[in-house]
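> sequence-free structure coming up:
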DNA sequence: GTGAAAGCGCTAACAG
DNA sequence: CTGTTAGCGCTTTCAC
């Protein structure tokens, strides 16, 4: 038996011709069987499959990609962090990609990376992906000139942000964070707080700006005074630092933090300063991290529909890949999912102590 | 100018021959330049690079892979969860892979997935990767027969577990969790606790078993009584449930939880039951999640060196890929990094209340 | 230092 | 329903 061998003597991987020979058909027929093409009799199909099985045949993807011009893979650009939001989105994307039959290639961007998103997209393009997902982008520090004239010929899906650039097709998904932030703020207002402070995320992140916008919109809609914003960096440590400042201000009775980690740090600082949560100060987080229900006090927060967003976004991306000429599928706005736990309550009624009774509303 | 065009009229991507023509050299020379091969004069090199730049040339990876038999990519099998450990490891792997110049393909396994790791490895093999990383594996439910005779010809790196199978080359990295667990337990013992309870992770995970082993070893080494183990599922919710049980037992003065989330849930349950942490019960976690320092009380825990483990593992994997015949590089044992915060203290000295004074130490 | 020729293993037309 | 003929854009081998 003539068997091709590698230079180290190991037998080389079987090719479709080998299968064809063994099955007594043409190579093209093997190809047909493996691509689930019609017009192959069941008998032949079975024979081919058996031969393939016997040889341990596996299609060569490089050859497939070269011949067809498609790699059947989707690239994703993520932040190189294990932060709950980005990590959850990545998992959601992986799950969604698998359902589509594409393979997933991942590139991280590192905060402060000179090349940033562009470098990542470039490397994905080098790898030859059929579509790109950009997850939770942040702005470039030196905006503008940095954005080299990358010509992106494949469809791009941007998650959680407005499309940052021009490409053949740009899809956006996962908006609605502003609405969620607004709901969080209104929950606090509804409890009777005169206004709500905001512990924002780093403003270079679209996600952080969205939440800030939602908070602002809620205050504006209710004609409330907008206190100065404190900016954190998503970490519990930054929440703690902010909490020290906020604790010193007796006017503060309600805070909306842009994520749960900061909310947790914030609560710790308030507690250490002798301001009880929620009796003295109410706190709302964002994300609904797994421990949110078990910290002290259990955190009122907003849950983000990462999986749904990823799934819908990918469906639309794959549609754009496979139907380049067709109109893109429409996006939907995710539902708001506010989870009320024990970190929020009506404000202490000290302001009304001079009055007769203690009505809480407004 | 004759320009190849796609069927939609868009001009097709330039190939190396196009660059060669423009630069007035042979196609092979272009190839040489892009592969940084020697024996190309500087003048020619420059000319080629300029031509490539002008055309916007980008190497076709599929063709490269087909011709060379190498895809220059590494596949990683991860758990489909945003749990801090797995997610951190994945990020570490991405970073490490990028440094090696390989591309990253990601496949998740879903808990309870019938195909499990094998399906994931299979799909990676289909994609044609040069090496595989299996991160934090868990056992298959139906062990044994499930492990189909996949012939894995590429090197495999298993992170955080003993190699679960036979392949051309199998490397292990990221062990030492048992030592870390042992250190955590001994910290508690050193504080004077008579024994230490263990809130274990799901025992299908190697990581959980490692930690259990370390705890057990510590107790044995000090001749302490080994209380029954409670098993959680890594979640704060399961920690909370365990905490309710543990809180009812006055014998419990120290608990080592297999991860921080469970420790946080546990603390909440203890607190709700009126058992103060750390005055009545000490708790140690595992992972050092970002919020660990800011929960109440700040958590004593063990920090895992995800990045270092990923980096070292990948260096060894790449070595195995590129030097198939050579001996694998040796693994090192990561250092133990116990972070002592406020959730641990000497035991309450109720047992000594009958005695004269209340010395704490052992 | 450089180039010519020959595939890598598959898919894409088209022909029967 | 099945087979034939050409490439896809590179790397490889060997020649100059």
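Nice, I can see it. This is a predicted model, so every value here is computed, not measured. Numbers count the residues shown, from 1 in each chain, chains lettered A, B, ... in the order given.

> any idea how far the most centrally placed residue in chain A lies from residue B:87?
Closest residue to the average C-alpha location of chain A: residue A:89 at 3.4 Å, with CA atoms, centre = their mean. Applying CB to CB, to the nearest Å, the value for residue A:89 to residue B:87 is 11 Å. C-betas here are computed from N, CA, C, even on glycine.

> how about residue A:153?
For residue A:153, the distance to residue B:87 - CB to CB - is 32 Å.

> give me the more crowded residue out of these two.
residue B:87 (24 against 13; other CB atoms under 10 Å in any protein chain shown).

> now the closest residue to residue A:168 other than its chain neighbours: how far from residue B:190?
Using CB to CB, 6 or more residues apart in numbering or on different chains and skipping the chain neighbours, the partner closest in space to residue A:168 is residue A:153 (5.4 Å). As judged by CB to CB, residue A:153 and residue B:190 stand 62 Å apart.

> about what we covered before: gap between the residue nearest to residue A:168 and residue A:69?
From residue A:153 over to residue A:69 the distance is 11 Å, taken as CB to CB.

> just residue A:234 next, same as before
Taken as CB to CB, the span from residue A:234 to residue A:69 is 41 Å.

> neighbour count winner among these two?
Comparing residue A:234 with residue A:69 by other CB under 10 Å, the one with more neighbours is residue A:234, at 25 against 14.

> ok, the more buried one - contacts?
Going by CB atoms under 8 Å, 6 or more residues apart in numbering or on different chains, residue A:234 touches A:83, A:201, A:202, A:258, A:259, A:261, A:262.

> got the phi/psi numbers for the closest residue to DNA strand D within the stretch 251-362 of chain A?
Using CB to the nearest atom of the strand, the single residue of the stretch 251-362 of chain A nearest to DNA strand D is residue A:324, 17.2 Å away. Taking degrees, to the nearest 10, you get phi -60, psi -30 for the backbone angles of residue A:324.

> for it, the count of nearby residues, please.
Neighbour count of residue A:324, defined by other CB under 10 Å: 14.

> check it and give its pLDDT.
Residue A:324 carries a pLDDT score of 86 in this model.

> please apply the same query to residue A:263.
Note on residue A:263: pLDDT of 98.

> which SS state does it fall under?
On the three-state scheme (DSSP: H, G, I helix; E, B strand; the rest coil), residue A:263 is labelled helix.

> what number of residues lie near it?
Applying other CB under 10 Å, we find 33 residues neighbouring residue A:263.

> quick one: end-to-end length of stretch A:277-290, please.
Stretch A:277-290 has its terminal residues 20 Å apart, counting by CA to CA, to the nearest Å.

> again, but for stretch A:291-302
13 Å.

> in that stretch, which residues are buried?
A:291, A:292, A:293, A:294, A:295, A:296, A:297, A:298, A:299, A:300, A:301, A:302 (16 or more other CB atoms under 10 Å in any protein chain shown).

> and the second one, how far is that from residue A:182?
In this structure, residue A:292 and residue A:182 are separated by 20 Å, where distance is defined by CB to CB.

> and stretch A:61-81, how far from the chain's centre?
Relative to its parent chain, stretch A:61-81 has a centroid offset of 20 Å by CA atoms, centre = their mean, to the nearest Å.

> in CSV, list the contacts of residue A:234 along with distance to chain B, secondary structure and neighbour count.
What follows is the contacts of residue A:234, written out as CSV (distance: CB to the nearest CB, whole Å; DSSP: H, G, I helix; E, B strand; the rest coil; neighbours: other CB atoms under 10 Å in any protein chain shown):
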residue, distance to chain B, secondary structure, neighbour count
A:83, 8, coil, 21
A:201, 14, coil, 27
A:202, 15, coil, 18
A:258, 15, coil, 32
A:259, 11, coil, 28
A:261, 5, helix, 31
A:262, 9, helix, 33
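
> and which of the residues you listed is nearest residue A:135?
residue A:83 (11.3 Å; CB to CB).

> look up phi and psi at that closest one.
Main-chain dihedrals, residue A:83, degrees, to the nearest 10: phi -50, psi 140.

> what do you get for residue A:152?
Backbone torsions for residue A:152, taken as degrees, to the nearest 10, come to phi -100, psi 110.

> count of residues packed around the closest residue to it other than its chain neighbours?
Spatial nearest neighbour of residue A:152, chain neighbours left out: residue A:167 (3.7 Å); criterion: CB to CB, 6+ apart. Applying other CB under 10 Å, we find 18 residues neighbouring residue A:167.

> residue A:60 now?
Applying other CB under 10 Å, we find 18 residues neighbouring residue A:60.

> and chain A, what are its domain boundaries?
A:14-50, A:67-173+A:306-322, A:177-299 (automatic domain parsing).

> of those domains, which shows the lowest average pLDDT?
domain A:67-173+A:306-322 (a mean of 85).

> what residues does the stretch 51-200 of chain A put near DNA strand C?
Contacts of the stretch 51-200 of chain A with DNA strand C, taken as CB under 7 Å from any atom of the strand, map to A:57, A:59, A:60, A:63, A:64, A:66, A:67, A:68.

> burial measure for residue A:35, as a count.
11.

> tell me where the stretch 201-350 of chain A has strands.
Here the stretch 201-350 of chain A has its strands, by DSSP state E, counting those that start in this stretch, at A:230-231, A:254-257, A:282-284, A:301-302, A:338-339.

> give me the residue from the stretch 51-200 of chain A nearest DNA strand D.
Of all residues in the stretch 51-200 of chain A, the one sitting closest to DNA strand D is residue A:67 (3.5 Å; CB to the nearest atom of the strand).

> next, the angle helix B:61-68 makes with the helix or strand that residue falls within.
In this assignment (DSSP states H and E), residue A:67 forms part of helix A:61-68. Angle of helix A:61-68 versus helix B:61-68, following axes from the mean of the first three to the mean of the last three CA atoms, to 10 degrees, is 130 degrees.

> quick one: the residue of the stretch 251-362 of chain A closest to DNA strand D from chain B, how far?
Counting by CB to the nearest CB, to the nearest Å, the gap from residue A:324 to chain B is 7 Å.

> residue A:189 too?
Distance from residue A:189 to chain B, counting by CB to the nearest CB: 27 Å.

> over to residue A:35?
Counting by CB to the nearest CB, the gap from residue A:35 to chain B is 14 Å.

> do the same with residue A:251
Taken as CB to the nearest CB, the span from residue A:251 to chain B is 24 Å.

> what does residue A:151 give?
Relative to chain B, residue A:151 is positioned 7 Å away (CB to the nearest CB).

> ok, which residues in the stretch 201-350 of chain A are in contact with DNA strand D?
Counting by CB under 7 Å from any atom of the strand, no residue of the stretch 201-350 of chain A is near DNA strand D.

> give me the residue from the stretch 201-350 of chain A nearest DNA strand C.
Relative to DNA strand C, the nearest point of the stretch 201-350 of chain A is residue A:322 (12.4 Å; CB to the nearest atom of the strand).

> where along chain A do the helices fall?
Secondary structure of chain A by DSSP state H: the helices cover A:16-23, A:27-34, A:42-55, A:61-68, A:84-100, A:116-127, A:177-190, A:206-221, A:236-247, A:260-272, A:306-322.

> okay, those helices, which one's buried deepest?
helix A:260-272 (a mean of 27; mean count of other CB atoms under 10 Å in any protein chain shown).

> name the helices or strands packed onto it?
Other elements packing on helix A:260-272 under the criterion 3 or more CB pairs under 8 Å, 6 or more residues apart in numbering or on different chains; DSSP states H and E are strand A:197-200, helix A:236-247, strand A:254-257, strand A:282-284.

> out of the ones you listed, flag the one nearest chain B.
Chain B lies closest to helix A:236-247 among the helices and strands packed on helix A:260-272, at 3.9 Å (CB to the nearest CB).
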